[in-house]
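A.B. asks: Attaching a predicted model along with its sequence, questions to come.
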Amino acid sequence: MRAVIASLGYVLLAGFLSAPFLSAQTAASEPTPAAAPATTPAPAPTETPGASSANTAVPAPATTPAASPAAAPAPSGYSGGTVQRKVLIFDFENQTGKIEFDYLSGSISDALADSIKKTGKFRIMLREDARMNSVTDPVNPAAALPPAETNSASKPPKDNTGNPSTVLIMNVKVARKEAIKRGAEAGADVVVLGKFSELNGVLLLSAQAFEADTRQLKVSEEILTKSDSEMFNGINILAAKIAESMARELPMFDAAEAARRRAALTTDKIEERDWEIQLFAGMPLLHPLYSSNGTITYSKGFPVQKLTGYSLGATVWNSSLARKIYFLPKDSRFGLQTKLTLLSGTADAVDAAGTLIVSNAPLNAVFVSSHLMFGVPYFQWRKFAAFADFGLGAVYTNVTNSGTKIFLSVQPSAVVGTSAAWHFSFWSLGLSYRAQAAFFSQSQAFMQHDLWIYAGVRL
């Protein structure tokens, strides 16, 4: 009996002493909730060496760093009421003069796009968002990068056009002002440009971020790196610096500012076009610039005031050339205007002595004019714009009486006038006035006034 009681007591004592180890092992084997490490640290048993190694290895993964990736997309300052800026990134310009560095143009842009997107404060624009069909985007040469590199800057770009993280990277060389203008037209809030050059094995990488609506430089970063495998690390450093600076200098919009900017984008503004083709028709009014008694004479020409009819014609305007001449007023344009005027009327024909030759002679006239034009805008409101127009050219005149030629010649001509129109995206509708002077000789000239309505196609 004593042996049985002693055995039972020994079992109970062994169970009591082993309970802490059993509970610790049970806690280590069961899955631990993600929040548990932040509130209740796991026990660190020290009773036996064997139990210590088993229990300290499990809690290590469930430490504070494990929760940091979840908090990264929500940087400081972010709140649900803020609106991300839209960013448009152009390919970097290769200024090294070496084609072996061409692939970096796309690689650096991709690296910047990744870093900027990770800040959570910007939305990298989709290709279909921009709808800039005039700019090509060929296959990015960064795909030729060596596969051995592991830096994000050296990874071949993916064909992820439909992916929300796709960057609209313009693989063309454009001037800074033109790039910012294209970005603003595409709806971007920020335009990122960059370039890189190389000297004696050292690469200078630089990137700038411009605010699209104000065209102001907001962020500029540059870095020096060796032009070997270390340059990919330098690219990543530049990407991190530009992303950090953009997050600081270009904060997200609040709801009111975002609404204001959306309204500004939809406000009626004339969209820039390189070409406009105008077709016009109107009524001419002619009068001589010399003394005339209304009769046909060889000394004073013919009485153009007796002629009436209509005018038809076309004007082709080009604005891209004027934009390249820096000293010309903004939105100036060059053009070529051609006009056909068909006229008829009656007048008396007399000789040099004033003797009547024909009474009420029927007259038919054809005037064809062509002028090189220059237009300067002087008023603009929303989509309405008014231009002052000037031109020099020549006029062909042919006046007949019942098929008999009375006057036929080509004379120098000058024209001044104004035009005003409402401009839609791809067409326009307006009125135009022209005062055209034609010179028959040193002492003979006439003025033709035209008032016409025109419709234009903008390309």
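C.D. replies: Happy to help now that I have it.
A.B. asks: can you map out the strands along the stretch 301-450 of the chain?
C.D. replies: Using DSSP state E, counting those that start in this stretch, the strands of the stretch 301-450 of the chain run over residues 307-318, 333-350, 356-381, 384-401, 404-423, 427-439, 445-458.
A.B. asks: Between these, which one is closest to residue 274.
C.D. replies: strand 307-318 (6.5 Å; CB to CB). C-betas here are computed from N, CA, C, even on glycine.
A.B. asks: Just send the strands of the stretch 301-450 of the chain back as CSV, with distance to residue 234 too.
C.D. replies: Converted to CSV, the strands of the stretch 301-450 of the chain look like this (distance: least, CB to CB, whole Å):
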stretch, distance to residue 234
strand 307-318, 44
strand 333-350, 46
strand 356-381, 47
strand 384-401, 48
strand 404-423, 47
strand 427-439, 50
strand 445-458, 45
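A.B. asks: I'd like these laid out as JSON lines, including distance to residue 199 and mean pLDDT.
C.D. replies: Below are those laid out as JSON lines (distance: least, CB to CB, whole Å; pLDDT from 0 to 100):
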{"stretch": "strand 307-318", "distance to residue 199": "41", "mean pLDDT": "95"}
{"stretch": "strand 333-350", "distance to residue 199": "42", "mean pLDDT": "91"}
{"stretch": "strand 356-381", "distance to residue 199": "45", "mean pLDDT": "90"}
{"stretch": "strand 384-401", "distance to residue 199": "48", "mean pLDDT": "93"}
{"stretch": "strand 404-423", "distance to residue 199": "48", "mean pLDDT": "91"}
{"stretch": "strand 427-439", "distance to residue 199": "51", "mean pLDDT": "93"}
{"stretch": "strand 445-458", "distance to residue 199": "46", "mean pLDDT": "93"}
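A.B. asks: Tabulate the ones you listed (CSV), appending distance to residue 229 and mean neighbour count.
C.D. replies: Below are the strands of the stretch 301-450 of the chain laid out as CSV (distance: least, CB to CB, whole Å; neighbours: other CB atoms under 10 Å):
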stretch, distance to residue 229, mean neighbour count
strand 307-318, 49, 18
strand 333-350, 52, 18
strand 356-381, 54, 16
strand 384-401, 55, 18
strand 404-423, 54, 16
strand 427-439, 55, 19
strand 445-458, 51, 18
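A.B. asks: what about those, which gets the closest to residue 231?
C.D. replies: Of the strands of the stretch 301-450 of the chain, nearest to residue 231 by CB to CB is strand 307-318, at 43.4 Å.
A.B. asks: Identify the neighbouring strands of that closest one in the sheet and state each direction.
C.D. replies: With DSSP bridges as the test, strand 307-318 is paired with strand 275-288 (antiparallel), strand 333-350 (antiparallel).
A.B. asks: Quick check: which ranges of this structure have low pLDDT?
C.D. replies: Counting by pLDDT under 70, the chain has low-confidence residues at 1-81, 126-174, 265-268, 290-302, 351-352, 354, 440-444.
A.B. asks: Please tell me how far the closest residue to residue 346 other than its chain neighbours sits from residue 347.
C.D. replies: The spatial neighbour of residue 346 that comes closest, neighbours along the chain excluded (CB to CB, 6 or more residues apart in numbering), is residue 360 at 4.6 Å. Going from residue 360 to residue 347 by CB to CB, to the nearest Å gives 7 Å.
A.B. asks: Same question for residue 192.
C.D. replies: In terms of CB to CB, residue 192 sits 71 Å off from residue 347.
A.B. asks: circling back: so for residue 253, which of the strands of the stretch 301-450 of the chain sits nearest?
C.D. replies: strand 356-381 (27.4 Å).
A.B. asks: strands paired with the closest one, and their directions?
C.D. replies: strand 333-350 (antiparallel), strand 384-401 (antiparallel).
A.B. asks: Alpha carbons of the last one, as CSV, please.
C.D. replies: Which is strand 384-401. Output in CSV follows, covering the C-alpha atoms of strand 384-401 (Å, rounded to 0.1, in the frame of the first residue of the first chain):
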residue,chain,number,x,y,z
PHE,A,384,-13.5,82.4,-79.1
ALA,A,385,-10.5,84.2,-80.7
ALA,A,386,-10.0,87.2,-83.0
PHE,A,387,-7.0,87.6,-85.3
ALA,A,388,-5.5,90.6,-87.2
ASP,A,389,-4.5,89.4,-90.6
PHE,A,390,-2.0,90.8,-93.1
GLY,A,391,-1.0,89.6,-96.6
LEU,A,392,0.9,90.4,-99.8
GLY,A,393,0.2,88.8,-103.2
ALA,A,394,-1.2,89.4,-106.6
VAL,A,395,-4.6,89.7,-108.3
TYR,A,396,-5.6,88.5,-111.8
THR,A,397,-8.4,90.6,-113.3
ASN,A,398,-10.3,89.9,-116.5
VAL,A,399,-13.2,92.2,-117.5
THR,A,400,-15.2,91.5,-120.6
ASN,A,401,-18.1,93.1,-122.5
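A.B. asks: Report the angle between that strand and strand 404-423.
C.D. replies: Strand 384-401 and strand 404-423 meet at an angle of 170 degrees, taking axes from the mean of the first three to the mean of the last three CA atoms, to 10 degrees as the criterion.
A.B. asks: Next, the angle strand 427-439 makes with strand 384-401.
C.D. replies: Put simply, strand 384-401 runs at 40 degrees to strand 427-439, going by the same axes, to 10 degrees.
A.B. asks: Can you give the domain ranges for the chain?
C.D. replies: For the chain, automatic domain parsing gives the domain ranges 82-266, 275-458.
A.B. asks: got the end-to-end distance for the shortest one?
C.D. replies: With CA to CA, to the nearest Å as the measure, domain 275-458 spans 6 Å from end to end.
A.B. asks: ok, so what distance separates residue 204 from residue 346?
C.D. replies: Distance, residue 204 to residue 346, using CB to CB: 81 Å.
A.B. asks: now do residue 202
C.D. replies: Note on residue 202: its distance to residue 346, by CB to CB, is 87 Å.
A.B. asks: which stretches of the chain form helices?
C.D. replies: 2-29, 36-39, 49-56, 68-71, 104-118, 127-130, 176-185, 231-249, 255-266, 320-324 (DSSP state H).
A.B. asks: buried set for the fifth one?
C.D. replies: Meaning helix 104-118. By 16 or more other CB atoms under 10 Å, the buried positions in helix 104-118 come out as 104-118.
A.B. asks: again with the last one
C.D. replies: When burial is assessed from 16+ other CB under 10 Å, helix 320-324 yields the following buried residues: 322, 323.
A.B. asks: What helices and strands are in contact with that helix?
C.D. replies: Secondary-structure packing of helix 320-324 (3 or more CB pairs under 8 Å, 6 or more residues apart in numbering; DSSP states H and E): strand 333-350.
A.B. asks: how far off strand 445-458 does the strand it packs on point, in degrees?
C.D. replies: Using the same axes, to 10 degrees: strand 333-350 against strand 445-458 is 140 degrees.
A.B. asks: Go ahead and produce CSV holding the CA coordinates of strand 333-350.
C.D. replies: As requested, the backbone C-alpha atoms of strand 333-350 are provided in CSV (Å, rounded to 0.1, in the frame of the first residue of the first chain):
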residue,chain,number,x,y,z
ARG,A,333,0.1,81.7,-87.7
PHE,A,334,1.2,81.8,-91.3
GLY,A,335,-1.2,81.0,-94.2
LEU,A,336,-2.0,81.1,-97.9
GLN,A,337,-5.3,82.6,-99.0
THR,A,338,-6.8,82.1,-102.5
LYS,A,339,-10.0,83.8,-103.5
LEU,A,340,-12.3,83.8,-106.6
THR,A,341,-14.6,86.7,-107.1
LEU,A,342,-17.3,86.6,-109.9
LEU,A,343,-18.8,90.0,-110.8
SER,A,344,-21.3,91.5,-113.2
GLY,A,345,-22.9,94.9,-113.9
THR,A,346,-23.4,97.6,-116.5
ALA,A,347,-21.6,100.9,-117.3
ASP,A,348,-21.3,103.4,-120.1
ALA,A,349,-18.2,103.3,-122.3
VAL,A,350,-16.7,106.5,-123.4
